[in-house]
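**Q** Test case, fold it:
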Amino acid sequence: MKHSIKKQFALIFIILMTSIIFLCWLVNTLFLENYYIKSKTNVIYQAYLSIKQAGENNSYESEEFQKELESVCSKNNISAYVMDANSDMKYVSTNGGDRLEMLLFGYLLGYTYVDDVTIVREDEDYRIQYTKRNGGGFLETYGRLTSGVAFIMSTPLESIHESAQLANRFFFYVGIIGTLLGGIIIWLVTGRVTKPILSLNELSEKMVHLDFDAKYEGKAQNEIGLLGENMNKLSHSLEENIKGLKSANNELMRDIEKKDKIDEMRREFLSNVSHELKTPIALIQGYAEALQEGIGEDPESRDFYCDVIVDESMKMNRMVQKLLTLNQLEFGREVAQMERFDLTAMVGNLIEQGKLLAQKNGISIEMKEYPAYHVWADPFMTEEVFQNYLSNAVHYCKGEKQVRVSMDALDGKVKVSVFNTGDRIPEESLPKLWDKFYKVDKARTREYGGSGVGLSIVKAIMESMNQQYGVENQENGVTFWFTLECADA
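**A** Here you go, the predicted structure:
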């Protein structure tokens, strides 16, 4: 991902840490040494105050004063020398303070030579100064108190300079390591933060393609978790609204076309019904009159006449039921309820139901393994279409006696094909198969109880859902097919 939040967080953290470390390093470089010197100046001044107080109390030889001044000198790398008015030593630090005796005499008598002197602070009985001698710099304080006690304290500035440089280098190295470790930690932490965001992104991409099965399953009790819950609610709401829009859209498109066809369909319907009912009614009437006239006197003949009457009545009933279904579809009383469902599972279940009848006639029904194809359609109408195709395939199957069902997804559609081995349909009859009551082989259709209305129902259903359907002759049989809108695209 070009603009990953994870990368941005890590980059911002590294830049911020680097900037802070650089700024701190720059401040240290410019001011740390001066801060050290100022701090040393304050320490030397406080030591001077201790010496002054000891002079006023004449407590130079007390153990408390000795320990206090020695502690200051050892902790801060300060050399000190104190003498009384008779030039007798009262205190000398253990880190080489005795070498300051001659330096103190020189300062007091005014003959000590130094390369450079910068006075920092002074009063009538003390002076604090920076000096350069023998190629090195020192921070010193010296003076003579009113009690006659003289003192000098000195600390080398070179150690302060080296300490500042060492501190800066150490801070620089620690800063680099801290930045690297912080970058790694922030990379891992932001990974946990961005993971649910990526999940929400995948969910939104699926919603863009109208796949509403995916749900956000994060457990975080924060803003991202709340967003995920709202995304789930939005997904459910969009799915329900799209269902309604699909149904309304199909109904609207059908309404545009159906008005011009209503009168023609009514006339054609009455004509075909009259023609189709004429034969069974004539048979029923003939056999009933024969029974009235006592033509079949033996029980076997009467049973035969009654069976014919019942059989023809049942065929008429099935035909009337199909005509009612067809009439409702063509006149818009049966509205397609568009839903998203698994077409592969539906087709598989219907094949299992049809295998019993097929096996009785020595016919095999085959279908390969296909993924779950989700479609937008009316599931009950789709089932009616497929059952018509499968029933016709079984009844007209000859030769190798094979029925093969296949499914293909292409260009946002799912195509379902039902092939059966047997006789090819004459080319001139192919367009007429979808007409009500049209029969290629009337004798064969009559034999298994067909009314010639099944494919008309298929046509009405597919047109009510604005989808395609058709029939094709193959080398050794016939294939009927239909398409539905894919919901996984």
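
**Q** Surely Tyr126 is in contact with Thr146?
**A** No - using Cβ atoms under 8 Å as the test, Tyr126 is too far from Thr146 to be in contact (11.4 Å). In short, each C-beta sits where N, CA and C put it, glycine included.

**Q** between these two, who's got more neighbours?
**A** For the pair Tyr126 and Thr146, the greater number of neighbours falls to Tyr126 (20 against 10), based on other Cβ atoms under 10 Å.

**Q** where along the stretch 101-250 of the chain do the strands fall?
**A** 116-123, 126-133, 136-144, 150-156 (DSSP state E, counting those that start in this stretch).

**Q** Most tightly packed of those strands?
**A** For the strands of the stretch 101-250 of the chain, the largest average neighbour count (mean count of other Cβ atoms under 10 Å) is found in strand 150-156, namely a mean of 23.

**Q** From the contact counts, what lies against it?
**A** Under the contact criterion of 3 or more Cβ pairs under 8 Å, 6 or more residues apart in numbering; DSSP states H and E, the helices and strands touching strand 150-156 comprise helix 33-57, strand 79-83, helix 100-109, strand 136-144.

**Q** Quick one: closest of the ones you listed to Val308.
**A** Between Val308 and the helices and strands packed on strand 150-156, the shortest separation by Cβ to Cβ is 120.4 Å, and it involves helix 33-57.

**Q** how about this structure, which residue sits the furthest from its center?
**A** When distances are taken from the C-alpha mean of the chain, Asn86 lies farthest, 90.0 Å away, according to Cα atoms, centre = their mean.

**Q** Secondary structure class of that one, three-state.
**A** For Asn86, the assignment made with DSSP: H, G, I helix; E, B strand; the rest coil gives coil.

**Q** cool, and Asp408?
**A** Here Asp408 is strand, with the state taken from three-state DSSP.

**Q** go on, Cys397?
**A** When the structure is split into helix, strand and coil by three-state DSSP, Cys397 lands in coil.

**Q** For the strands of the stretch 101-250 of the chain, give me a markdown table that also has mean pLDDT and distance to Ser199.
**A** Converted to a markdown table, the strands of the stretch 101-250 of the chain look like this (pLDDT from 0 to 100; distance: least, Cβ to Cβ, whole Å):
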| stretch | mean pLDDT | distance to Ser199 |
| --- | --- | --- |
| strand 116-123 | 86 | 66 |
| strand 126-133 | 86 | 66 |
| strand 136-144 | 87 | 64 |
| strand 150-156 | 89 | 64 |
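
**Q** now those as a markdown table including distance to Leu357?
**A** Conversion of these to a markdown table gives the following (distance: least, Cβ to Cβ, whole Å):
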| stretch | distance to Leu357 |
| --- | --- |
| strand 116-123 | 114 |
| strand 126-133 | 114 |
| strand 136-144 | 112 |
| strand 150-156 | 111 |
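
**Q** on that earlier part again, any idea how far the residue farthest from the centre of the chain is from Ser391?
**A** 136 Å (Cβ to Cβ, to the nearest Å).

**Q** can you check Asp298 too?
**A** 38 Å.

**Q** The two: which is more packed in?
**A** When Asp298 is set against Ser391 and neighbours are counted by other Cβ under 10 Å, the residue ahead is Ser391, at 16 against 8.

**Q** What is the burial count for Met83?
**A** 21.

**Q** Go ahead and confirm it touches Leu104.
**A** Yes - Met83 is in contact with Leu104 according to Cβ under 8 Å; the separation is 7.3 Å.

**Q** Name the residues contacting each of the two.
**A** Common neighbours of Met83 and Leu104 are listed as Ala150, Phe151 (criterion: Cβ atoms under 8 Å, 6 or more residues apart in numbering).

**Q** And the helices in the stretch 301-450 of the chain, which stretches?
**A** In the stretch 301-450 of the chain, the helices defined using DSSP state H, counting those that start in this stretch lie at 343-360, 379-395, 442-447.

**Q** which stretch among these comes nearest Glu257?
**A** Smallest distance to Glu257 across the helices of the stretch 301-450 of the chain (Cβ to Cβ): 17.4 Å, for helix 379-395.

**Q** lowest confidence element among the helices and strands of the protein?
**A** Lowest on mean pLDDT, DSSP states H and E among the helices and strands of the chain sits helix 442-447, with a mean of 46.

**Q** which residues of the stretch 101-250 of the chain score low on pLDDT?
**A** 112-115, 159-160, 194, 209, 212, 214, 216, 218-224 (pLDDT under 70).

**Q** ok, now how distant is the closest residue to Tyr60 other than its chain neighbours from Ile281?
**A** With Cβ to Cβ, 6 or more residues apart in numbering as the criterion, Tyr60 has its nearest non-adjacent residue at 4.0 Å, and that residue is Lys90. Lys90 sits at a distance of 147 Å from Ile281 (criterion: Cβ to Cβ).

**Q** hmm, back to that, give the contact list for the residue nearest to Tyr60.
**A** With contact taken as Cβ under 8 Å, 6+ apart, Lys90 is in contact with Tyr60, Glu61, Val82, Met83, Asp84, Val149.

**Q** who does the third one bridge with?
**A** Each beta-bridge partner of Val82 is listed here, defined by DSSP bridges: Tyr91, Phe151.

**Q** That one touches Met89, doesn't it?
**A** Yes - Val82 is in contact with Met89 according to Cβ under 8 Å; the separation is 7.3 Å.

**Q** higher neighbour count, those two?
**A** Set side by side, Val82 and Met89 give different neighbour counts by other Cβ under 10 Å, the larger being at Val82 (24 against 13).

**Q** Might you report the residue contacts of that one?
**A** Counting by Cβ under 8 Å, 6+ apart, the residues that Val82 touches are Ile51, Tyr60, Met89, Lys90, Tyr91, Val92, Val149, Ala150, Phe151.

**Q** pretty sure the fifth one contacts Leu69?
**A** Same thing as Tyr91. Yes - contact criterion Cβ under 8 Å: Tyr91 and Leu69 qualify, at 6.2 Å.

**Q** Report the set of residues contacting both of the two.
**A** By Cβ under 8 Å, 6+ apart, the residues touching both Tyr91 and Leu69 are Ala80.
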